[in-house]
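> everything below, folded, please.
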Amino acid sequence: MRNGMAFVELGVRLFLCGDVMAGRGVDQILPHPSESHLYEGFVNDANDYVRLAERHSGPMPQKRDFDYPWGDALSILDEWKPLVRIINLETSVTTSEDNWPRKGINYRMHPDNVPFLTSARIDCCVLANNHVLDWGHKGLAETVSVLRQVGIRTVGAGRNELEADAPAAIEIGQGRRVLVFAWGDDSSGVPSSWAAAGSRGGVNFLHDGISTKSAEEIARKIGKARRPSGDVVVLSLHWGGNWGYEISKTERDFAHQLIDSGTVDILYGHSSHHPKAIEVYKGKLILYGCGDFLNDYEGISGHNEFHDELTLMYFPVVDGKNGTIIRLDAVPMKINKMRLNHTNAEDSLWLYRTMARECAKFAFAFSNVHKCNGPTNFVTLVEEKTSNENGEGKANGGGEKLKMLVDCASAYEKEKLEKTLRAKGISTDGISHLVITHWHYDHCGNIGLFPNAQLITPERILAEGSERINADLPEFVSVNLLGGHSAPGDIVVKVQQIKKDQGDKCVPWVTSIVGDLFEFEYDWLSDQPWKQCSICPDRQLISRFLCWHGSDEIVPGHGPSFRISTEFPEKSFFALFGINSKLKAKAFGNSKVGISIVSELVSAVVLDAKQRKQQKISVYLVKGSGGETVLVNTGGPGQGQALVEALQSHEIAPVDVKYLVITNLGVHFCHNLHLFQSAKVFMSTDVAFPGSKYASLDKFFAISSDICIWRDMDPIRDEGTLSVLVRTANETQKNFTLIGTKVDAFILSFLDITKEDVEIAKVKQQTN
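Numbers count the residues shown, from 1 in each chain. Sure, this is the predicted structure:
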């Protein structure tokens, strides 16, 4: 009996995947291969596919058990613990020699290799596809018999029409079931002659194709079998072509009609050799094409642009009461040496981008891709030990030993979290500090486990300030509030350690634990954050830059830690380079409009570490004549509260700031970014990237007809800063105020403005 509590409390988690093509070459690498002869136009021996794969990917291990092709997928299945495991088995399981005439490609797996399926604890094999009758009706009958003998349910094909039409019913406890129905369509290559009819075996075939009539017939049959409550219905469809991402209007209308009927909870589509789009329609999940999950195509050229070696494990969680989708997790995999393997960062990123692009067409945010070679939601323990020595041979910290937990996973992972802590000899009541980087459910689901921990949350940092909280922490660890991924902000924990380099020399090492500002290592390569999973992508890019700055290692929210390069990846942050607009900057200078107001809000006197001179750093507020609210810089450490109070004196709350201009990347210019979650941010990153190839981008952005931003370049130091030019009226009767560090004569001449017409409001100036 399956654990019914999981159904009631957490929903029903299933495992679905694309086509498992376990015949031909894959069958040959299993312990009991079939006769290898084939009837294809160019290949006569199934072992040729094995040789082709080895030529492409290298030799396979000599000793291979039944579970070899599953590879890393088995540990992922154990990790996710789906209640029901469903695959589309695209092969016959038979010793039949009765190959279907003129079929061309014939897949079969030897019956003695069925432990391949049981090793993955498969519950149900869909057989409504275009390969189950490759070895005739005898082969189909043997396939059904062999699978059922080992306890695997079959659906979508049978030894007669009644068996082919019947659903697979899988009990999941408390009188509840998962019902699987399956049909095959000729658009996927299923011949109409394969249709089961009366006492003749075959496939459950869509005689009327993808049509309203077919949808009505499917809904009628499911409606007869489905109970009023307690059943989750998965409809498997083998439909569509092998290559291409397009979902036709006919296919989409068909899927919607099935959902509208109220009989289908998950539409599980397959046939394409690569994953296709996902849609959630009226709360129900539609997988238009799950791709090939396992095949013997390695080394076969053609259609390389689709990367059919990359595939996904789908783990939907549905509400057991009404079948609506609660969440969908997708784990990327790569077929290599006819084995399913974890993907590297580059492959994961390619698959994510592709799926995000296709799913966006259906307003589905494809954002929860997991690289699973560890916990799905990373929980990091920061533990103070007396053996941690600094460069002077002294122990870091003192007093009470720190046991800080950063995030506490989701409620799904409570047992795993407790087990992991026990393995480290730590009890849940022994955690001294619990940091919640942000309030997404998969990072804060077990707060109640830690009754003695000091809770550090984004709200607490906003209320008390990071300086006060850090004062109570050991000197080697600090918390800071950034933002962009979620509201009201995202906490980053920085841990300073001492490590030995290759020369056995003790060197400082900084690890940044960043929550979901970086979700995986491959975010490092990404052009931009996932817009569907980021409340402010521009802000998240800035936060990523600040995470990188001064760090040696990053611990992302959903993947193992990774070392970072000394050079910031420019391509990842192109959105921060250059202030770009199609508006003509010259129109700003000629326009005759209202007057804006510039006010100095707060300032701080700091010591320039290079010049050893004191400097005044100022923050300015610009209130545009058209209602625009622009803040120039956000001040340094300790100025957050004063800045908020200064804004309030102008009847402005932080959320009212529409534009935020950071003229420099120094800490006294951008320390309080987290206070302005709603603002569009402009920064100059040329300070961090000397000689950036993006310096040729347009320099200007016109916020309005009387407020303009530009990027200055220093030809000697090759640094960049931002300046803001505002049409104003002030005591000196000058028409413009320039907020920045210097005046660029070329820019002013371009704008038809003379230097004498500009009042300078410097954001940084020497005081001695």
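
> pLDDT score assigned to Ala363?
Ala363 carries a pLDDT score of 64 in this model.

> same thing with the one 10 residues further on?
Listed pLDDT for Asn373 reads 32.

> how much space is there between Met333 and Gly557?
21 Å (CB to CB, to the nearest Å). Using the backbone N, CA and C atoms, a C-beta is placed for each residue, glycine as well.

> how is the chain partitioned into domains?
Under the assignment automatic domain parsing, the domains of the chain span 13-360, 380-572, 585-766.

> can I get the ones you listed in a markdown table with mean pLDDT and mean neighbour count?
Output for the domains of the chain, formatted as a markdown table (pLDDT from 0 to 100; neighbours: other CB atoms under 10 Å):
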| stretch | mean pLDDT | mean neighbour count |
| --- | --- | --- |
| domain 13-360 | 93 | 20 |
| domain 380-572 | 78 | 18 |
| domain 585-766 | 69 | 18 |
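
> for the chain, which helix is longest?
Across the chain, the helix with the greatest residue count (assigned by DSSP state H) is helix 345-360.

> let me see the ranges of the helices in the stretch 651-768 of the chain.
Residue ranges of the helices in the stretch 651-768 of the chain, as given by DSSP state H, counting those that start in this stretch, are 667-670, 745-750.

> about what we covered before: chain center to whichever helix or strand comes after the longest helix of the chain: distance?
Per DSSP states H and E, the first helix or strand lying C-terminal to helix 345-360 is strand 380-383. For strand 380-383, the separation from the chain centroid amounts to 24 Å (computed by CA atoms, centre = their mean, to the nearest Å).

> other SSEs contacting strand 380-383?
strand 403-406, strand 490-500 (3 or more CB pairs under 8 Å, 6 or more residues apart in numbering; DSSP states H and E).

> pairing partners for the first one, with directions?
Strand 403-406 has the following strand partners under DSSP bridges: strand 380-383 (antiparallel), strand 433-435 (parallel).

> now what about the longest one, what contacts it?
Read that as strand 380-383. Identification of contacts with strand 380-383 by CB atoms under 8 Å, 6 or more residues apart in numbering yields 401-407, 421, 424, 426, 477, 493, 495, 513, 555.

> ok, Arg220 - contacts?
Contacts of Arg220 (CB under 8 Å, 6+ apart): none.

> now the element after the one helix or strand it maps to, going C-ward?
Under the criterion of DSSP H and E, Arg220 resides in helix 212-225. Using DSSP H and E, the next helix or strand after helix 212-225 towards the C-terminus is strand 231-238.

> what's in contact with that following strand?
Contacts for strand 231-238 (CB under 8 Å, 6+ apart): 12, 14, 16, 86, 88, 126, 128-130, 155-156, 176-185, 188, 190, 218, 222, 226, 258, 263-271, 318, 320, 323.

> so which of those belong to helices?
Reading helices off these with DSSP H, I get 218, 222, 258.

> ok, so of the residues you listed, who is nearest Ile461?
Nearest to Ile461 out of those is Leu258 (CB to CB; 48.3 Å).

> hmm, that closest one is touching Asp265, no?
No: counting by CB atoms under 8 Å, Leu258 does not reach Asp265; the two are 10.2 Å apart.

> and stretch 48-63, how far out from the chain's middle?
Chain-centre distance of stretch 48-63: 32 Å, with CA atoms, centre = their mean.

> what does that stretch contact?
Under the criterion CB under 8 Å, 6+ apart, residues 24-25, 28-29, 43, 68, 296, 298-300, 336-339 lie in contact with stretch 48-63.

> of those, closest to Ala360?
Asn336 (29.0 Å).

> what comes into contact with stretch 89-101?
Applying CB under 8 Å, 6+ apart, the set of residues contacting stretch 89-101 from outside is 19-24, 27, 34-35, 39, 106-111, 113-114, 117, 125-127, 129-140, 142-143, 146-147.

> also stretch 171-182?
1-4, 7-8, 12, 14, 83-84, 86, 124, 126-128, 153, 155-157, 167-170, 204, 218, 221-222, 225-227, 230-238, 320.

> if we go to 7 Å?
1-4, 7, 12, 14, 83-84, 86, 124, 126, 128, 155-156, 167-170, 204, 222, 225-226, 230-236, 320 (CB atoms under 7 Å, 6 or more residues apart in numbering).

> circling back: among the contacts of stretch 48-63, which are in helices?
The members of the contacts of stretch 48-63 that map onto helices under DSSP H are 24-25, 28.

> turn these into a markdown table, columns for distance to Cys506.
Converted to a markdown table, these look like this (distance: CB to CB, whole Å):
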| residue | distance to Cys506 |
| --- | --- |
| Arg24 | 57 |
| Gly25 | 53 |
| Gln28 | 54 |
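
> so how far is stretch 339-352 from its chain's centroid?
Centroid separation between stretch 339-352 and its chain, computed with CA atoms, centre = their mean, is 12 Å.

> what's the answer for stretch 289-305, then?
23 Å.

> same check, this time on stretch 90-97
39 Å.

> one more: stretch 204-223?
36 Å.

> dump that stretch to CSV, keeping only the CA atoms.
Provided in CSV are the C-alpha atoms of stretch 204-223 (Å, rounded to 0.1, in the frame of the first residue of the first chain):
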residue,chain,number,x,y,z
ASN,A,204,-5.9,2.3,-29.1
PHE,A,205,-6.1,4.4,-32.2
LEU,A,206,-7.6,7.9,-32.8
HIS,A,207,-9.7,7.0,-35.9
ASP,A,208,-10.8,10.6,-36.3
GLY,A,209,-7.4,12.1,-35.6
ILE,A,210,-6.9,15.3,-33.7
SER,A,211,-10.5,16.5,-33.9
THR,A,212,-13.4,17.7,-31.8
LYS,A,213,-15.1,14.3,-32.4
SER,A,214,-12.0,12.5,-31.0
ALA,A,215,-11.9,14.7,-28.0
GLU,A,216,-15.6,14.1,-27.3
GLU,A,217,-15.1,10.3,-27.6
ILE,A,218,-12.1,10.4,-25.2
ALA,A,219,-13.9,12.5,-22.7
ARG,A,220,-16.9,10.1,-22.8
LYS,A,221,-14.8,7.0,-22.2
ILE,A,222,-12.8,8.7,-19.4
GLY,A,223,-16.0,9.9,-17.8
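
> re the thing from before, who are the packing partners of the longest helix of the chain?
strand 325-335 (3 or more CB pairs under 7 Å, 6 or more residues apart in numbering; DSSP states H and E).

> who's in contact with the strand it packs on?
11, 73, 76, 280, 283-285, 294-295, 298, 309-319, 340-341, 343, 347-348, 351, 368-372.

> which one of the ones in helices among the contacts of stretch 48-63 is nearest to Leu162?
Ranked by distance to Leu162 (CB to CB), the ones in helices among the contacts of stretch 48-63 are led by Arg24 at 30.8 Å.
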